[in-house]
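Engineer: from the sequence below, what's the structure:
(one chain, ligands or ions: 1)
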Amino acid sequence: MIHHQCLTLNKLANNQNSMDDYILNEHNKEEFPPAHTAEHLLNQTMIRIFGCERSYNAHIERKKSKMSFRLDSKPSRQEEREIERRMNELIEEDLPVTFEFVTLDTLPPEVSPDRLPPDASDTIRLVRIGDYDVCPCIGRHVRSTAQIGRFEMLGTNWDEHEHSFRVRFKIV
Ligand SMILES: [Zn+2]
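Structural biologist: Numbering: from 1, shown residues only. Coordinates of the predicted model:
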């Protein structure tokens, strides 16, 4: 059922050629909307817990996803459990996912113009998750966070040399 719905969404996305006028970020349109929406939530959750930037590398797929962040130090077990707890709390809150179009000179302060490609068009699509997160994105999302399901952390990896923290997760 979910599989069918996702195929339909992808088909719609591919047919919406007029949307190409608004494309800013490179984006994989084949990604699974619940996992992709969790990607937005995890970015903001990491920012709030660790004061870091959004992930510098992400592979989001239906079965397993991974995202990497640059952190000052290795998170504790307790902090790792807190990531998972907050993610599921946000899902249970069923925050609405909405979008709007803004121009470059009306970007909200939370959105850094540095993150946009140099050839970005003047019109930018912002995706908001409740009052929790806002970021420019052209991907496909669920309508509210309860549709994500449940966030399960599969494991983490810490690279001391790179100060890179990788979170592996799946949506069930
Ligand atoms: Zn998105």
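
Engineer: all helices for the chain, in order.
Structural biologist: Assignment of helices within the chain using DSSP state H yields the ranges 2-15, 33-50, 77-92.

Engineer: include mean neighbour count and mean pLDDT when you put the ones you listed into JSON lines, please.
Structural biologist: C-betas here are computed from N, CA, C, even on glycine. Compiled in JSON lines, the helices of the chain are given as follows (neighbours: other Cβ atoms under 10 Å; pLDDT from 0 to 100):
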{"stretch": "helix 2-15", "mean neighbour count": "12", "mean pLDDT": "33"}
{"stretch": "helix 33-50", "mean neighbour count": "21", "mean pLDDT": "98"}
{"stretch": "helix 77-92", "mean neighbour count": "16", "mean pLDDT": "98"}
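
Engineer: what's the closest of those to the ion?
Structural biologist: Ranking those by distance to the ion, with Cβ to the ion as the measure, places helix 33-50 first at 5.5 Å.

Engineer: mind giving me the packing neighbours of the closest one?
Structural biologist: In terms of contacts (3 or more Cβ pairs under 8 Å, 6 or more residues apart in numbering; DSSP states H and E), helix 33-50 is packed against strand 65-70, helix 77-92, strand 123-129, strand 133-136, strand 151-159, strand 164-171.

Engineer: mind putting the ones you listed in CSV, distance to the ion included?
Structural biologist: Formatted as CSV, those follow (distance: least, Cβ to the ion, whole Å):
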stretch, distance to the ion
strand 65-70, 13
helix 77-92, 15
strand 123-129, 5
strand 133-136, 7
strand 151-159, 16
strand 164-171, 14
